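Trainee: With the input below, show me the fold.
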Amino acid sequence: MLSKALAIVAAVWVMASAACSVGNEVPPTAKPPARPAPTQAAEIASPQPTIEPTTTLLFTGDIIPARCTDTAVTALGGDWTLPFQALQPQLAAADITIATLDSTISDAVVPTGCIETFSLGGVAAVADGLKYAGFDVISHAANHIKDCGAANCGDQALFDTIANLRAVGIQPVGSGSNLFEARAPVVVERNGIYFAFLAYDDVATWYHATGEYPGTAPLDPTTIAEDITNAKKVADVVIVLPQWGIEYQTEPSERQREVARAAVAAGADLIAGNHPHWPQSYETMAGPSGEDVFVAYAMGNFVFDQDWSLETQQGLMLEVMLTGTEVTGIKFHPIHIYDNYQPRLAEPAEAAEIIGRIDAVATALAVPAPTDPAPSSRAQHR
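Mentor: This is a model prediction of the structure:
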């Protein structure tokens, strides 16, 4: 909190008194003794109010550099900075930039080409594009973390992805060689504030890690609460990145809201999810001390080839401003994906439509559910 205490500067004047003893009176014609100059009080500097640092976080939707996206970039020379060039200034300007990689990036991956397939593997060079874009943290708790395209490389693709991200200075979170690693927070310091990121998957149970099996951190309210408590010991702000929800829906599912409530009750300071491939709505929940906690259910796609509907070509960048550890500003920046690979800021009319759509659902979520009528009222309607 900013200090509002005001210091009071006091001036003390020291006066000397003339002696008044009998037989030692000052003759009326004599000059009175010179009055000593007042002693000047030492100046006391007013303490300046502490200025809390301002930190900006920027979250994007799903990044899937496979299928037609890979084909488009390959046709343009294989430069993986291309998908991010239009938005690189905004992405790099944030203090911490975060996304979800719902794919792999590995030299073991064999691209499938622009065909219909659910094996979404990306090549290792994608890491260079992510670095160029300015990403700092990548959630890899997703449902395509071991995909290899036309190859069969399984765990190797997962391990390669983690290694390739770290090699370019990006911290992956939510996956690992075992459950302990997958649940571990990533901590990033900016402006003297420590931010802990936790990531979880609620979609592909077959990729969930165990004590001995590599994979993702499962989205379980009990273990999330434990992880948040532990993260609070090493960080000032805890952010949860879930991969959850039902595809192609603007409204969050009750499962999403249930898990969000549990995470907020455990002390999460912000929740930013992904997976549904549409921009989903948002909600504000009351934290343990009555503070507002913002929940963004999904940002939609960011780099992907789903060009068969307008909604799957749309997404959001979520900008969150913090003053110290307090969220003091939230803004959505709608985007549109062009040519199967490049997101750009949406044109004003489309941006307004996207915001209007999620605002309408948010308004409905904020309306309390009707209470069960009293027995006498029910009797009247039988």
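
Trainee: export the helix or strand where Thr60 lies as CSV, just CAs?
Mentor: For Thr60, the element it lies in under DSSP states H and E is strand 54-63. Taking C-alpha atoms only, strand 54-63 is exported to CSV below (Å, rounded to 0.1, in the frame of the first residue of the first chain):
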residue,chain,number,x,y,z
THR,A,54,3.8,-1.6,-12.2
THR,A,55,4.0,-5.0,-14.0
THR,A,56,2.1,-6.0,-17.2
LEU,A,57,1.2,-9.5,-18.0
LEU,A,58,0.0,-10.6,-21.5
PHE,A,59,-1.7,-13.9,-22.1
THR,A,60,-2.6,-15.4,-25.5
GLY,A,61,-4.6,-18.4,-26.7
ASP,A,62,-3.5,-21.8,-28.0
ILE,A,63,-0.5,-22.1,-30.3
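
Trainee: next one: that strand to chain centre, how far?
Mentor: 6 Å (CA atoms, centre = their mean, to the nearest Å).

Trainee: Specify the local secondary structure of Phe118.
Mentor: coil (DSSP: H, G, I helix; E, B strand; the rest coil).

Trainee: quick one: average pLDDT of the strand holding Thr60?
Mentor: Averaging pLDDT along strand 54-63 gives 98.

Trainee: Repeat that for stretch 300-309.
Mentor: 98.

Trainee: mind listing what's buried in it?
Mentor: 300-306 (16 or more other CB atoms under 10 Å). (Each C-beta comes from the backbone N, C-alpha and C, glycine too.)

Trainee: ditto for stretch 66-80
Mentor: Buried, per 16+ other CB under 10 Å, within stretch 66-80: 66-73, 80.

Trainee: Please, where are all the helices along the stretch 151-300 of the chain?
Mentor: 155-167, 179-183, 221-231, 254-265 (DSSP state H, counting those that start in this stretch).

Trainee: Which neighbouring elements make contact with the second one?
Mentor: What it means is helix 179-183. Helix 179-183 is packed against strand 175-176, strand 215-216, with contacts defined by 3 or more CB pairs under 8 Å, 6 or more residues apart in numbering; DSSP states H and E.

Trainee: can you check the first one too?
Mentor: Using 3+ CB pairs under 8 Å, 6+ apart as the contact criterion, the secondary-structure elements in contact with helix 155-167 are strand 104-105, helix 126-133, strand 171-173, strand 175-176.

Trainee: Just the buried positions in it, please.
Mentor: 156-162, 164-165.

Trainee: Export those as TSV, with columns for distance to Val187 and pLDDT.
Mentor: Putting these into TSV (distance: CB to CB, whole Å; pLDDT from 0 to 100) gives the following:
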residue	distance to Val187	pLDDT
Gln156	28	97
Ala157	26	97
Leu158	22	98
Phe159	22	98
Asp160	24	98
Thr161	20	98
Ile162	17	98
Asn164	21	98
Leu165	16	98
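
Trainee: Distance to Gln85 for those - can I get that in TSV?
Mentor: Putting the buried residues of helix 155-167 into TSV (distance: CB to CB, whole Å) gives the following:
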residue	distance to Gln85
Gln156	30
Ala157	26
Leu158	28
Phe159	29
Asp160	25
Thr161	23
Ile162	26
Asn164	21
Leu165	20
